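Chemist: structure here, sequence nowhere to be found:
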């Protein structure tokens, strides 16, 4: 065992890593070095994600995105020169079958409005109501191209994630808007409503909403076997 001599001249056992035998000291040193490298890599990826476009992000932007999304997403728009100036709503309609097998299509259900209603007046609103649906639709948008095609595996995962968030809200014992049957397919749409300019501003801004309609998605047994991650 390692030891050191204190001010009184007595030998005392060493503390920390030095108290370990040599093989364990090597293992501990390697583990600490690996953690330091991982921490440095993560900080570098976050920096590249939030930094302006540069040579590295132009060449390796996909690798940076794969590291960041969805767990480490950084949203600085509140402090950016152009903060968010729009309200985004996620709505769903479903194709539902009843006990006789007959199918019908529901009207559009505003899922975002349900979350807002749960937050309004709540001193301690849940993380799920505040962020789950909003972050999921952001991820979906980033993982699809302008034509709505998924960008590889991340795009397909974002679609499955959306289905598994939406389904418990319209079907099952905890549904906020029970559609009264078995959900066979769902379709989502994203409605963006620009916020009007303040009355004292001379800015002219259109407040007409724009809508993006997503494809119909079949509901699978895998979708029903999972619930919302945060619940």
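Modeler: Nice, thanks for sending it over. Because the structure is predicted, anything quoted here is derived from the model rather than measured.

Chemist: show me where pLDDT drops low in the protein?
Modeler: Scanning the chain with the threshold set as pLDDT under 70 gives 1-17, 70, 75-84, 226-231.

Chemist: centroid residue for it?
Modeler: In the chain, the residue lying closest to the centroid (CA atoms, centre = their mean) is residue 135, at 4.0 Å.

Chemist: what ranges do the strands span in the protein?
Modeler: 3-5, 11-13, 86-97, 103-105, 109-110, 182-194, 210-218 (DSSP state E).

Chemist: now the helices: where do they sit in the protein?
Modeler: For the chain, the helices defined by DSSP state H cover 22-50, 55-68, 111-119, 127, 133-142, 152-170, 221-224.

Chemist: nearest to residue 194, out of the ones you listed?
Modeler: helix 111-119 (15.6 Å; CB to CB). (C-beta placed from N, C-alpha, C; glycine too.)

Chemist: re the thing from before, of the helices of the chain, which is nearest residue 199?
Modeler: Of all those, it is helix 111-119 that lies closest to residue 199, at 23.6 Å by CB to CB.

Chemist: any chance of the strands of the chain in CSV, with mean neighbour count and distance to residue 200 too?
Modeler: Output for those, formatted as CSV (neighbours: other CB atoms under 10 Å; distance: least, CB to CB, whole Å):
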stretch, mean neighbour count, distance to residue 200
strand 3-5, 11, 70
strand 11-13, 10, 72
strand 86-97, 18, 20
strand 103-105, 12, 45
strand 109-110, 17, 31
strand 182-194, 17, 18
strand 210-218, 13, 26
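
Chemist: so can I have TSV of the ones you listed showing distance to residue 164?
Modeler: Listed next are the strands of the chain as TSV, based on distance: least, CB to CB, whole Å:
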stretch	distance to residue 164
strand 3-5	57
strand 11-13	54
strand 86-97	13
strand 103-105	21
strand 109-110	17
strand 182-194	11
strand 210-218	11
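
Chemist: quick one, which of the ones you listed gets closest to residue 174.
Modeler: strand 182-194 (14.0 Å).

Chemist: any idea of the angle the closest one forms with helix 152-170?
Modeler: Calculated by axes from the mean of the first three to the mean of the last three CA atoms, to 10 degrees, strand 182-194 forms an angle of 100 degrees with helix 152-170.

Chemist: who's in contact with strand 182-194?
Modeler: 85-98, 103, 108, 137, 141, 162-163, 166-167, 170-171, 205-219 (CB atoms under 8 Å, 6 or more residues apart in numbering).

Chemist: rerun that using 6 Å as the cut-off
Modeler: By CB atoms under 6 Å, 6 or more residues apart in numbering, the residues outside strand 182-194 that reach it are 86-89, 91-97, 166, 171, 207, 209-214, 216-219.

Chemist: same check, this time on stretch 205-214
Modeler: For stretch 205-214, contacts defined as CB under 6 Å, 6+ apart pick out 188-194, 196-197.

Chemist: swap the cut-off to 10 Å and go again
Modeler: 85-87, 89-93, 137, 140-141, 144, 148, 159, 162, 186-197 (CB atoms under 10 Å, 6 or more residues apart in numbering).

Chemist: what about residue 144, how many neighbours?
Modeler: Other residues lying near residue 144 total 18 when counted by other CB atoms under 10 Å.

Chemist: what's near enough to touch it?
Modeler: By CB under 10 Å, 6+ apart, residue 144 lies in contact with 150-151, 154-155, 158-159, 212, 214.
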